[in-house]
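In: Here is my input, please return the structure:
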Amino acid sequence: MRGWDQLRKDRMAVLSIWILALVALAGLFAPMLAPHDPADTNVLDKYAKSSLTYPLGTDHLGRCVLSRLLFGIRTTMLAAVFTMCITMLIGTILGLMAGLFRGKVDGVLMRLCDVILSFPAEVMILAVVGIMGPGLVNIILANVLAKWAWYTRMIRSSVLQYTNEPSVQFVKVSGGSSFYILRKHLLPRISGEIAVFATLDAGWVILNISALSFLGLGVSAPTPEWGMMLNEAKNVMVTHPGHMLAPGMAILFVVMALNFLGDSLQQTMNPAMHPISKKGGRRFAFYRRKKTVRT
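Out: Sure thing, here's the model as predicted:
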């Protein structure tokens, strides 16, 4: 409860939560909020300006930009959430196995992680999508393959840190099983760190999904997706620059909200890392200068 009270005092965190909640609700109720079917085309109304019929205008095929933007929330954010859930599940299970059992299990998993982490994530994602072909499912698999090793190593380091604490060592000496230590001591402690990792990395996943769709390696038409909308708008960037504004700003605000929320969660877990001022503002202190005493 103390952590939640501290989080509520952070105005940037509250604003980020509201932005993400509103975006999620807009995507959930997109069929009721969208004025038109996102796939309906009307060439006679292409590049129509903003009006009551088309609040954000229409694209090169006469499709409602607002409708495609709302339905694009489902594609982009749902894919990001699904990707993070799979990645965190694999990373948590393997990280717990490596940290608890040590020995050969730890050695094999860490060497495998070293192999995966030796490749830049973006290069691996492009290689996997290039081999498997474009598509939303392939994008999700590529992101999972590129990131699970990083999460495995991070969870393993947290498990090693907590298993060396006196309370956990006492339970182990008293005859507590590995499952009991995992359920009562390790999972409650690393759950907060998992939430921080997932929140901070969700914005990275959204950028990857949108970037691949922008390059033509992601979601295929006519499925509405923010990166695909940017890809279609780049062809008329000079004559109709406003068409890139809606999906671009949507990606910007969602990624910023996720990053600020992740930073606030990390701040709540480790207050000494980024102290909060008395007024509830953020100081972004990356280090604290030590006072020297003159004699």
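
In: ranges for the helices of the chain?
Out: Along the chain, counting by DSSP state H, helices occupy 2-9, 11-28, 30-33, 65-101, 103-117, 121-132, 136-163, 166-173, 178-181, 187-214, 226-233, 245-269.

In: Contacts for the second one, please.
Out: By that I understand helix 11-28. The set of residues external to helix 11-28 that reach it, using CB atoms under 8 Å, 6 or more residues apart in numbering, is 7-8, 33, 70-71, 73-74, 77-78, 250, 253-254, 256-258, 260-261, 264-265, 280-282. No exception for glycine: its C-beta is placed from N, CA and C like everyone else's.

In: Now the buried members of these.
Out: 7, 70-71, 73-74, 77, 250, 254, 257-258, 260-261, 264-265, 282 (16 or more other CB atoms under 10 Å).

In: Need the max-distance pair from the residues you listed.
Out: Phe71 and Arg282 (34.1 Å; CB to CB).

In: Generate TSV for the helices of the chain, with distance to Asp59 as supplementary columns.
Out: Below are the helices of the chain laid out as TSV (distance: least, CB to CB, whole Å):
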stretch	distance to Asp59
helix 2-9	40
helix 11-28	19
helix 30-33	17
helix 65-101	6
helix 103-117	39
helix 121-132	25
helix 136-163	20
helix 166-173	57
helix 178-181	55
helix 187-214	15
helix 226-233	6
helix 245-269	10
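
In: which one of those is the most hemmed in?
Out: helix 226-233 (a mean of 24; mean count of other CB atoms under 10 Å).

In: Outside of that one itself, list whatever touches it.
Out: With CB under 8 Å, 6+ apart, helix 226-233 has contacts from 59-60, 65, 68-69, 72, 75-76, 209-216, 218-221, 240, 243-244, 246-248, 250-251.

In: cool, stretch 115-135 as well?
Out: Contact with stretch 115-135 is made by 138-139, 141-143, 145-150, 153, 208, 212, 216-220, as judged by CB under 8 Å, 6+ apart.
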